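Engineer: The sequence and its predicted three-dimensional model are supplied below.
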Amino acid sequence: MSPPVFRFAPGPNGRLHLGHAYSALLNQGLADAAGGRLLLRLEDIDTSRCTPEFEAGIFEDLRWLGLRWEEPVRRQSDHFPVYEDALLRLRSEGLVYPAFMSRGEMRAHIVEQEAAGKNWPRDPDGVPLYPGLDKALPARKREALIAGGRPFAWRLDMAAAVARIGRPLAWAELSADLSASESVEAGPELWGDVILARRDTPTSYHLSVVVDDALQDITHVVRGQDLFAATAVHRVLQELLSLPAPAYHHHRLILGPDGRKLSKSLGDTGIAALRGNGATRDDIGRMTGLDPV
Ligand code: GLU
């Protein structure tokens with residue numbers, strides 16, 4: 001049997017903080033314990049926010065933490081055509097549509113609906129669902145809008161996708177030591193018509209993560225609890241694109257002193273800042289509640 005494959009997949013749009021360190025070291029520990037491999041993937045599809053400096057900083061922080069990963073590192077921005085192919089496949093099956101509503105138009109539509117007493121649905125992250133009015137646009141109208149330079153995003157027609165799959169989806173959620181597995185029923189409808197690509201970014205997090213997890217033969221996705229609900233979207237895309245589903249473990253999040261999720265702008269929990277203030281690798285392990293590494 002081939003060894004299990006884990007991955008750590010940061011976005012180089014900021015420096016790493018304690019939460020990233022926890023996730024990276026957890027992946028390393030689990031890969032080592034299972035005699036598995038660890039891959040590093042740079043999720044840099046947002047080329048306007050990802051920089052070579054942040055990337056170099058990530059390598060520096062991870063090396064200092066003692067992470068060992070295989071080369072070459074996959075950089076998503078080097079592979080846009082691969083994600084475009086996946087999108088094209090979904091487009092050719094009529095599961096994706098160009099969505100023209102701007103953020104302002106969306107907001108106005110939702111305000112209007114709520115004023116009329118309708119409770120507008122929100123996704124698991126609290127974002128209002130896309131109204132999807134342009135799903136009904138005739139093809140000729142769509143083409144004219146695109147040819148006229150109207151900005152748009154490619155959105156998955158979630159209802160059509162769920163109907164195409166035709167059966168409930170689930171994923172295997174593993175316990176912290178990966179020894180036990182529980183089947184979690186996916187609720188992709190909760191997300192509505194998610195964005196799969198934009199005019200200026202030819203893919204999205206959801207699309208590229210499922211394509212890459214499959215291309216890199218990832219068997220175990222170990223990532224933060226904040227991505228638990230998004231796994232439902234990933235399962236849908238895996239089914240539609242005939243990709244294998246890895247097993248998942250969503251780990252606890254490291255929270256800041258205010259009890260909130262850490263953000264890349266929280267300088268004092270940044271690995272580089274902690275290191276600069278004299279923290280050792282063991283201190284980082286302790287601060288994240290990891291067993292000594
Ligand atoms: N790039 C994502 C992040 O930094 C992680 C994606 C994943 O692990 O699936 O939050």
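Structural biologist: Okay, I see it.
Engineer: Kindly indicate whether residue 248 is helix, strand or coil.
Structural biologist: Look at residue 248: counting by DSSP: H, G, I helix; E, B strand; the rest coil, its state is strand.
Engineer: if I look at it, how far off is residue 88?
Structural biologist: In this view, residue 248 and residue 88 are 27 Å apart by Cβ to Cβ, to the nearest Å. The way it works is simple: take the backbone N, C-alpha and C, and place the C-beta from them, glycine included.
Engineer: Then residue 57?
Structural biologist: 35 Å.
Engineer: Which residue is the nearest non-sequential neighbour of residue 142?
Structural biologist: Once flanking residues are discounted, residue 142 sits nearest to residue 98: 5.7 Å by Cβ to Cβ, 6 or more residues apart in numbering.
Engineer: what about residue 274, how many neighbours?
Structural biologist: 20 (other Cβ atoms under 10 Å).
Engineer: For it, list the residues it contacts.
Structural biologist: Neighbouring residues of residue 274 by Cβ atoms under 8 Å, 6 or more residues apart in numbering: 18, 268, 283, 284, 287.
Engineer: that older thread, when residue 57 and residue 88 are compared, which one has more neighbours?
Structural biologist: Taking neighbours as other Cβ under 10 Å, residue 57 and residue 88 compare with residue 57 leading, 18 against 12.
Engineer: Now for that one, which secondary structure element holds it?
Structural biologist: Residue 57 is located in helix 52-65, with elements delineated by DSSP states H and E.
Engineer: ok, and does that helix reach over to the ligand?
Structural biologist: No: for helix 52-65, no contact with the ligand is found by Cβ under 6 Å from any ligand atom; the gap never falls below 10.3 Å.
Engineer: by contact count, what packs against that helix?
Structural biologist: Contacts defined by 3 or more Cβ pairs under 8 Å, 6 or more residues apart in numbering; DSSP states H and E place helix 52-65 against helix 18-33, strand 37-42, helix 271-276, helix 281-287.
Engineer: who touches stretch 104-111?
Structural biologist: For stretch 104-111, using Cβ under 8 Å, 6+ apart, the contacting residues are 101, 120, 128, 130, 131, 133.
Engineer: got a winner among those residues for most neighbours?
Structural biologist: residue 130 (23 neighbours).
Engineer: Up against the ligand, what does this protein have?
Structural biologist: Going by Cβ under 6 Å from any ligand atom, the residues of the chain near the ligand are 9, 10, 11, 43, 209, 223, 227.
Engineer: In contact with the second one: list those residues for me.
Structural biologist: Contact analysis of residue 10 by Cβ under 8 Å, 6+ apart lists 16, 20, 24, 42, 43, 58.
Engineer: sorry, back to before: now the helix holding residue 57: how far from the chain's centre is it?
Structural biologist: 20 Å (Cα atoms, centre = their mean, to the nearest Å).
Engineer: what does stretch 90-104 give?
Structural biologist: 19 Å.
Engineer: for residue 124, phi and psi?
Structural biologist: Phi and psi for residue 124, reported as degrees, to the nearest 10, are phi -60, psi -20.
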